[in-house]
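K.L.:
got a structure for you, letters missing:
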């Protein structure tokens, strides 16, 4: 019993002695805190106190009785811990700064940069510690301005010694398709970004043309006025920029758009040389002094003293889905590799591809994922064409073989002026992407920019006037334009529709006015863009439904070629295809369960007496379609061959004109689904 009492007393004595040692270490550190001296001696005193606290915890834990242990801790530990916590940030920051200085001296720059980033996190942590401490022990956590000054001076010296990274800030849009009703909000969004990031560049990834009455009426000039107002820096071409190639004026509207632009265009895989309209506008070179209103293979922009290269790519699918006429498209991978090498040869190691090839589109043509994986040296891809809503940037870090590669950041900003994309990309001194952050800014939430709103009025007033012009036709019922959804498997791109029948009937009626031998009309479903509401049909309704202005054409083809075209039309059914053909003057059946290319079962052609007879494969027929399809658009090689052989005649009247005149002729418009196209598998 006596020995036990002696042991208890000895442990209390040890604890008190430990407490005295602890107090001495605390007073030593406190002397530095009071004088606000931040040096190696103060750091040593900090660590000495930390060691003493750990030892004290062990000694106090051996004292018998929880009440006794708590009394010792309260008496001897609280104030030393407060003293230590008062300068934990200052000591940590000072120590880290010394480590960074050593790393810089040893040229371990990447590690030094990572350590430097911790300093900002330490500042936040220091505030949290002192705020929490002062809530428990008011006034115990002192303000230390002299130490702060020492730390700030050290941080500035490190910043000067550490090679600085470069951050490229971009704003980006794509596939706006002449949607200008909310453009005044877009102007506001751009101004707000520039207020925070005055060196940010504004990039457009194509398809400004086609889609609304603004384009039908103003041919891109309305869009251009606002693009110039927002001070775009660079643009590449989308497939729809070439929609007017089949008109009498050809690409004149595109040329006018280019020449009026207060920015440059980049295009690496588009060959304009065969079209005289582009003579003098295109240079197949990389320019460090690009002119506004000109097209370059690539351009170099200087941002904050750093050179950034931009080049452009347009999908080769344009040859099938638009009307490029003499404009040709080259292999996008090969041209991208050439562009990257040209930039690198000029000492440019930060490279941006502005593309209109689709984020994850058909790889048989081209897409951004394939580009990122297979072309080394591209740092950023600003994309379009697939209307993809990338709410956050996608970073590709593996090549086509699955091996690690330098990062490529991909962004795309959805469609129709609904969003403004922003991206900040951080590069190291070697031009390697080491960080990125981006988002899509919703335009609908912004206020209208007053100047832009006033500018828009002269266009919107004209559009309102056009929209309200009656055609003379009245729809008995709504004429829907369905797409596949959760509720329906019927689509204008896989099934007969009443609207498709109306459009093709109008095409056939108009074509017969030029050539009485025309017996069939065909319209690609991808060219029918909107429904027509019940009631009076206005010109605005017609133009919105058929916005591309494709002209009517006739083709001399054999029955075998018609069958080949129909096989292509339904080759993807029941999936959607923009090339799905609506028809007039004929009916056909097919079996979608059979292999593509051997699905069509029966084809019948309507005679002048209204009766139907079986198609004769060897007989020649005159059919009508739009010039886009007649020249092989949507992959109709059978029509492309006929065009090359001189069997196509362009009648020169636009698709919307055909529909306008036909609904006026009918007066009462009430088309029906008539089983012109039947999938027997259903």
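P.N.:
Now that the structure is in, tell me what you want to look at. Computed from a predicted structure; not experimentally measured.
K.L.:
how many residues are close by residue 199?
P.N.:
One way to gauge burial is a neighbour count; for residue 199, by other C-beta atoms under 10 Å, it gives 10. Where C-beta positions appear, they are placed from N, C-alpha and C, glycine not excepted.
K.L.:
that one in helix, strand or coil?
P.N.:
When states are read from DSSP: H, G, I helix; E, B strand; the rest coil, the local structure at residue 199 comes out as coil.
K.L.:
distance of it from residue 167?
P.N.:
Using C-beta to C-beta, to the nearest Å, residue 199 is found at 9 Å from residue 167.
K.L.:
for residue 32, which non-adjacent residue is spatially closest?
P.N.:
With C-beta to C-beta, 6 or more residues apart in numbering as the criterion, residue 32 has its nearest non-adjacent residue at 3.9 Å, and that residue is residue 42.
K.L.:
could you point out which element follows the host helix or strand of the one you found?
P.N.:
Secondary-structure assignment from DSSP states H and E places residue 42 in helix 40-61. Of the helices and strands lying after helix 40-61 in sequence (DSSP H and E), the nearest is helix 66-76.
K.L.:
and that next one, what does it pack onto?
P.N.:
helix 2-35, helix 40-61 (3 or more C-beta pairs under 8 Å, 6 or more residues apart in numbering; DSSP states H and E).
K.L.:
most packed of these?
P.N.:
Burial among the helices and strands packed on helix 66-76, expressed as mean neighbours by mean count of other C-beta atoms under 10 Å, is greatest for helix 40-61, which shows a mean of 16.
K.L.:
angle of that one against helix 66-76?
P.N.:
Angle, helix 40-61 to helix 66-76, by axes from the mean of the first three to the mean of the last three C-alpha atoms, to 10 degrees: 160 degrees.
K.L.:
surely residue 229 and residue 187 touch.
P.N.:
Yes: counting by C-beta atoms under 8 Å, residue 187 is a contact partner of residue 229 at 6.3 Å.
K.L.:
what sits in contact with each of the two?
P.N.:
Residues touching both residue 229 and residue 187 (C-beta atoms under 8 Å, 6 or more residues apart in numbering) are 451, 452.
K.L.:
tell me which of those two has more neighbours.
P.N.:
Under the neighbour definition other C-beta under 10 Å, residue 229 and residue 187 were set side by side, and residue 187 has more, 23 against 18.
K.L.:
and the more buried one, that one's in a strand?
P.N.:
No: under the criterion used here (three-state DSSP), residue 187 is helix, not part of a strand.
K.L.:
confidence-wise, which helix or strand of this structure is lowest on average?
P.N.:
Comparing every helix and strand of the chain by mean pLDDT, DSSP states H and E singles out helix 109-136 as the least confident one, with a mean of 77.
K.L.:
show me what the helix or strand just after that helix is packed up against.
P.N.:
With elements assigned by DSSP H and E, the helix or strand that comes after helix 109-136 is helix 145-161. Using 3+ C-beta pairs under 8 Å, 6+ apart as the contact criterion, the neighbours of helix 145-161 among helices and strands are helix 88-105.
K.L.:
quick one, the helix holding residue 42 and helix 88-105 angle?
P.N.:
130 degrees.
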